[in-house]
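K.L.:
Coordinates only, no sequence provided:
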């Protein structure tokens, strides 16, 4: 399998079961790219502002890049890192890699040498695709410097100008590669995507995805949400995160149009909706919250939108409801997705707001959910515990991290998600927090999620997060961090009065307020609570 031949693989038993039940077949998303290039060659596959690529053009560009990679010695099973924003060249490079059997190593845009080196070494990356140098970051120079730190790194491929000596031009490779069909096509069980979740620099948690699992997830999920060739799909999360990238693959499976937004800002978000006319949108809750608080939605047309799905973090019901009020023809719902389980649940399209805004929906066909107590035993309906997941979308295990694998799985093959959750009698899943976020205040266990929802609903607050502050007497106290609407001010007394009026018990109130200019966020727009906690030490 090339440089990652030590990767975990699905068992023969799982392969047999998922194949016999029809969840897995031999399709890959490249199969669908070729299908739509043949059947609807002129249909837009990608729209990015004034740029557009048809399905025929996308297939040809990906094929040229695949041959160009083979021409510089990158082969099947080799890992190529990509650190680019959501631009057409990202999609072309991703598909070209998949076409010739290479593996995409997703590297987030904010990462610099200190974060890149351990991940690239862990993934044994042979090449890195990055943007040209600008006033903020000289990515090519960083990449060239990493050759001394990353064993096996041979090639740096640059999008844009200038292309430094010793680097390849991504545009030249896309334009100049041969258009011959690839001789040895990858097989469905071959890996094509390497994503990193968490872990230490010494032992990253890396998930290696196969064509089969992602294509199966897209085939079944697309049928559930009724994604079709008629749809224009807007994807707000970065393609360096599995949420953004697998939805890109799902769009190709459906033969729909991928509407690109290069980088998120509220202004870019609303203009993409207004100008691009998406029918389906995939976002993080933070995208919606920041855009709502900007007021820009009030002056833009959102009538094209049929469904908005949020994932990556729990969406406060007030945010979902407020965004839905701007959709004259649309609805807001949620899904649960993780690097380890792909997209596993979704709120039914015909459900009322009491389900769509307050739950992550129900399990996809072929996915099992259960709630476990502290002792690991399954809990009854409407009881909070840790969410565990099993099914055809589940990953085979972390790459090169046996300690994490031992902790991640139960004896009967369920994945321990680390999410606190409840399942109602109808199978609707409500994520109530994270196991590691629970605060122990003098023996009282406080789950901060519901209080964060209420604080974020305050007109002056864009985002909020409650983290534990060490206390010599109680062990931990609740410290509230808030990012405020420009020009707003807020005191702790304002917040406690707000919570008091909402009927929140005093023991759940935060005891310290810290205002931040910008919340530390993951690239998928999830608040980094560990970074906030460092500020209290």
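P.N.:
Looks like it arrived, so ask away. Computed from a predicted model, the values in this text were never measured in an experiment. Residues are numbered from 1 along each chain as shown.
K.L.:
Helix or strand for residue 495, just tell me which one.
P.N.:
When secondary structure is defined by DSSP states H and E, residue 495 falls within helix 492-501.
K.L.:
Output the contacting helices and strands for that helix.
P.N.:
Counting by 3 or more C-beta pairs under 8 Å, 6 or more residues apart in numbering; DSSP states H and E, the packing neighbours recorded for helix 492-501 are helix 449-456, strand 475-484, strand 512-516. Placement of C-beta: from N, CA and C, glycine included.
K.L.:
For the last one, name the packing helices and strands.
P.N.:
Yep, that's strand 512-516 we're talking about. Taking 3+ C-beta pairs under 8 Å, 6+ apart as contact, the helices and strands that strand 512-516 lies on are strand 475-484, helix 492-501.
K.L.:
hey, which of these is tucked in deepest?
P.N.:
Mean neighbour count, computed with mean count of other C-beta atoms under 10 Å, is highest for strand 475-484 among those, reaching a mean of 21.
K.L.:
what's it in contact with?
P.N.:
With contacts defined as C-beta atoms under 8 Å, 6 or more residues apart in numbering, strand 475-484 is touched by 439-442, 446, 448, 451, 455, 460-471, 490, 492, 495, 508-519, 532, 536.
K.L.:
for stretch 165-183, same thing?
P.N.:
Stretch 165-183 is contacted from outside by 60-61, 63-72, 89, 92-93, 96, 99-101, 129, 140, 143-144, 155-160, 163, using C-beta under 8 Å, 6+ apart.
K.L.:
which SSE is the residue nearest to the spatial centre of the chain in?
P.N.:
Averaging the C-alpha coordinates of the chain gives a centre point, and the residue nearest to it by C-alpha atoms, centre = their mean is residue 243 (2.8 Å). With elements delineated by DSSP H and E, residue 243 resides in helix 242-254, which encompasses its position.
K.L.:
as a whole number, average confidence for the next helix or strand after that helix?
P.N.:
The first helix or strand that comes after helix 242-254 along the chain, using DSSP H and E, is strand 257-259. Per-residue pLDDT values over strand 257-259 give a mean of 98.
K.L.:
Kindly report the same for stretch 377-388.
P.N.:
Mean pLDDT, stretch 377-388: 96.
K.L.:
oh, and call the first residue 153 from now on, that's how I've got it
P.N.:
Okay, using 153 as the starting number, the last item reads as stretch 529-540.
K.L.:
who's in contact with that stretch?
P.N.:
Around stretch 529-540, the neighbours that count as contacts under C-beta under 8 Å, 6+ apart are 521-526, 562, 566-577, 581, 583-584, 587, 599.
K.L.:
Of those residues, grab the buried ones for ChimeraX.
P.N.:
Per 16 or more other C-beta atoms under 10 Å, the buried members of these correspond to this ChimeraX selection:
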select :521,522,523,524,566,567,568,569,571,572,573,574,575,581,583,599
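K.L.:
I'd like the helices and strands packed on strand 664-668 as CSV, with mean pLDDT and distance to residue 492 appended.
P.N.:
What follows is the helices and strands packed on strand 664-668, written out as CSV (pLDDT from 0 to 100; distance: least, C-beta to C-beta, whole Å):
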stretch, mean pLDDT, distance to residue 492
strand 627-636, 95, 28
helix 644-653, 96, 35
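K.L.:
Of these, which is nearest residue 337?
P.N.:
Ranking those by their distance to residue 337 (criterion: C-beta to C-beta) puts strand 627-636 first, at 47.8 Å.
K.L.:
by contact count, what packs against the longest helix seen in the chain?
P.N.:
Across the chain, the longest stretch assigned as helix under DSSP state H is helix 207-223. Contact analysis of helix 207-223 by 3+ C-beta pairs under 8 Å, 6+ apart lists helix 181-191, strand 196-200, helix 240-252, helix 322-328 as its packing neighbours.
K.L.:
Of those, which stretch is the most buried?
P.N.:
helix 240-252 (a mean of 25).
K.L.:
Tell me which strands the helix or strand following that helix pairs with, and in which orientation.
P.N.:
Under the assignment DSSP H and E, the closest C-terminal helix or strand after helix 240-252 is strand 255-258. Paired neighbours of strand 255-258 in the sheet (DSSP bridges): strand 231-235 (parallel), strand 343-351 (parallel).
K.L.:
for this structure, what are the low-confidence residue spans?
P.N.:
Using pLDDT under 70 as the threshold, the predicted model of the chain has low-confidence ranges 153-155, 351-354.
K.L.:
got the domain boundaries for it?
P.N.:
Residue ranges for the domains of the chain, per automatic domain parsing: 207-361, 416-586, 590-686.
K.L.:
The ones you listed: which one's closest to residue 367?
P.N.:
Judged by C-beta to C-beta, the one of the domains of the chain that comes nearest to residue 367 is domain 207-361, at 7.3 Å.
K.L.:
Ends of the closest one, what's the gap?
P.N.:
Between the start and the finish of domain 207-361 there is a gap of 24 Å, counting by C-alpha to C-alpha, to the nearest Å.
K.L.:
And that domain, how far out from the chain middle?
P.N.:
Shown here is domain 207-361, whose average C-alpha point lies 18 Å from the average C-alpha point of the whole chain (C-alpha atoms, centre = their mean, to the nearest Å).
K.L.:
can you check stretch 610-626 too?
P.N.:
25 Å.
K.L.:
on that earlier part again, pull out the buried members of the contacts of strand 627-636.
P.N.:
Of those, these count as buried by 16+ other C-beta under 10 Å: 591, 593, 598, 600, 603, 607, 612-621, 642, 647, 660-662, 665-666, 671, 684.
K.L.:
Leaving out sequence neighbours, find the closest residue to residue 611.
P.N.:
residue 637 (7.3 Å; C-beta to C-beta, 6 or more residues apart in numbering).
K.L.:
hang on, the one you found packs against residue 612?
P.N.:
Yes. Between residue 637 and residue 612 there is a contact under C-beta atoms under 8 Å: 5.5 Å.
K.L.:
that older thread, list the contacts of the residue nearest to residue 611.
P.N.:
With contact taken as C-beta under 8 Å, 6+ apart, residue 637 is in contact with 445, 611-614.
K.L.:
Dump these to a markdown table, plus secondary structure.
P.N.:
Compiled in a markdown table, the contacts of residue 637 are given as follows (DSSP: H, G, I helix; E, B strand; the rest coil):
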| residue | secondary structure |
| --- | --- |
| 445 | helix |
| 611 | coil |
| 612 | coil |
| 613 | strand |
| 614 | strand |
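K.L.:
If we only consider these, which is nearest to residue 157?
P.N.:
After measuring those against residue 157 - C-beta to C-beta - the closest member comes out as residue 614, at 46.4 Å.
K.L.:
roughly how far apart are the closest one and residue 190?
P.N.:
When distances are taken as C-beta to C-beta, to the nearest Å, residue 614 and residue 190 turn out to be 47 Å apart.
K.L.:
what about residue 557, which SS state?
P.N.:
helix.
K.L.:
count of neighbours near residue 270?
P.N.:
Burial of residue 270 is recorded as 18 neighbouring residues (other C-beta atoms under 10 Å).
K.L.:
can you check the one 3 residues further on too?
P.N.:
Counted with other C-beta under 10 Å, the neighbours of residue 273 add up to 17.
K.L.:
Just list the residues touching the residue of the chain most remote from its centre, thanks.
P.N.:
Of all residues in the chain, residue 625 sits farthest from the chain's C-alpha centroid, using C-alpha atoms, centre = their mean; the distance is 39.4 Å. Listed by C-beta under 8 Å, 6+ apart, the contact set of residue 625 reads residue 594.
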